[in-house]
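> Please find the sequence and the predicted model below.
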Amino acid sequence: MDFTFNEDQLLFQEEVKKFLVNEVTPELIRELWESESGRSGALWSQLVELGLTGMTVPEAYGGLGMNEVDFVLLAQECGFVALPEPLVEQVLVAVPLINSLPEAFRAEWLPRIAAGEAKVLVGLEQNQLVADAHYADLLLLQQGNELHAVTPGQVKLIFNESVDPSRKLFAVEWTPSATTRIAEDAAELIEAALNRGALGAAAQALGLTQRMIELSVQYTADRQQFGVAIGTFQAVKHRMANVAVPLEYAKAVVHRAAHSVAIGHKNAAVHVSHAKIAACDASLTGAKNSIQVHGAMGYTWEVDLHIFMKKAWALNNTWGDSAFHKNRVASFVLGEADNAGAGRTFL
């Protein structure tokens, strides 16, 4: 069986990467930190023009009809530039969730999302704070095993500061009612949304780790000590190798999780948790080692490294922290005698 990405997927990734690297610069990110909303309407419009907001929207509603495997490489590139827009959350979480809801609701919101006319975001009880709630035209919120759809006028948002200045986090106060409820007995939908959110965080973590490696390699090539670049020192090389190795291992795990989610694999939740653990561990190692090779400069806001390092810290605890995902994997491995060991790799 061929698990490689096809030529179209890789070409789309390359084109999106070129756009993001050119448009989403560290300078733009710093500018947005100082703005009231922290977001850029112009940048969002460009994402819409590229068709990214409609990637997972079915063609019948004006989208491209693609799935998680098609988008996972693009989510990595969003992480590579530390994209300060809720693109991954909307495309991977909100759209598939809406597509599982009644037809009237799908027909109302999916065409607007594909056209870039509406932003819909999801808040689950696993995440106490909702990212970009101030930026949404509609919030899909969990209440026990129910899902509710609320508009900005039906909620009170309380801002909470994040370690990552690009993340705008809000506690949402609202009153559930029969008029806001859109799904009862929605435990499966809620778990699926959680899995997609964790998959998106894992994919972004891959991109963040790659960016931290590149920034560190560039710094160690320019920074000299004893008349030579510090990147020639074995101790520095080993630190970066200790990041590159877990990153490569994590890529396969994340891509497998995207495939499992796309086909509705029976163990998709475990695959996603494995991916979240592996990718976020790699990004945390990348942050730790990168700041070490930067020395004292790594602690300053003037150096771009901290933009990506702080987002890696933040994503590690979103859509389920490491304890939550390790518990899911442990429960699976230890739950049945035949769930581990030789020959059980592709369960």
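Okay, I see it. Residues are numbered from 1 along each chain as shown.
> what's the neighbour count on residue 295?
12 (other CB atoms under 10 Å). From N, CA and C alone the C-beta is placed, and that goes for glycine too.
> Check the spacing between it and residue 305 real quick.
According to CB to CB, to the nearest Å, residue 295 stands 11 Å off from residue 305.
> now swap in residue 12 and tell me
Separation of residue 12 from residue 305 (CB to CB) stands at 28 Å.
> and if you look at residue 192?
Residue 192 is 35 Å from residue 305, by CB to CB.
> cool, residue 11 as well?
Plainly put, residue 11 is 30 Å away from residue 305 if you go by CB to CB.
> hmm, who's touching stretch 153-173?
If you take CB atoms under 8 Å, 6 or more residues apart in numbering as the criterion, stretch 153-173 is touched by 29, 32-33, 37-39, 82, 84, 123, 128-135, 139, 141, 174-175, 180, 307, 310-311, 313-314.
> List buried residues within the residues you listed.
Buried residues within those, counting neighbours by 16 or more other CB atoms under 10 Å: 29, 32, 38-39, 82, 84, 123, 129-135, 139, 141, 174, 180, 307, 310-311, 313-314.
> pretty sure residue 191 contacts residue 269?
Yes. Using CB atoms under 8 Å, residue 191 is in contact with residue 269, at 6.5 Å.
> Between the two, point out the one with more neighbours.
Ranked by neighbour count (other CB under 10 Å), residue 191 and residue 269 place residue 269 first, with 21 against 15.
> distance of the more buried one from residue 139?
Counting by CB to CB, the gap from residue 269 to residue 139 is 24 Å.
> Point out where the stretch 151-300 of the chain drops to low pLDDT.
For the stretch 151-300 of the chain, residues meeting the criterion pLDDT under 70 lie at 219-240, 294, 296.
> Let me see the ranges of the helices in it.
For the stretch 151-300 of the chain, the helices defined by DSSP state H, counting those that start in this stretch occupy 187-222, 234-263, 268-294.
> ok and the first one relative to helix 268-294, angle-wise?
By that I understand helix 187-222. With axes from the mean of the first three to the mean of the last three CA atoms, to 10 degrees defining the directions, helix 187-222 sits at 20 degrees from helix 268-294.
> Neighbour count: residue 192 and residue 305, which is higher?
Between residue 192 and residue 305, residue 305 has the larger neighbour count (other CB under 10 Å), namely 23 against 20.
> tell me the pLDDT at the more buried one?
Residue 305 is assigned a pLDDT of 90 by the prediction.
> With residue 88 instead?
Turning to residue 88, the model gives it a pLDDT of 97.
> Now do the same for it: helix, strand or coil?
Following DSSP: H, G, I helix; E, B strand; the rest coil, residue 88 is assigned to helix.
> Please name the nearest non-neighbouring residue to it.
residue 200 (4.2 Å; CB to CB, 6 or more residues apart in numbering).
> The one you found: what's it in contact with?
Residue 200 makes contacts with 75, 88, 89, 92, 93, 319, as judged by CB under 8 Å, 6+ apart.
> how deep is the fourth one tucked in, by neighbour count?
Burial of residue 92, expressed as a neighbour count using other CB under 10 Å, amounts to 29.
> returning to that earlier point: just the ones in strands from the buried ones among the contacts of stretch 153-173, please.
123, 130, 131, 139, 141, 174 (DSSP state E).
> Quick check: the third one touching residue 122?
Looking back up the chat, that one is residue 131. No. Under the criterion of CB under 8 Å, residue 131 makes no contact with residue 122, lying 9.8 Å away.
> Give me the common contacts of those two.
Residues touching both residue 131 and residue 122 (CB under 8 Å, 6+ apart) are residue 89.
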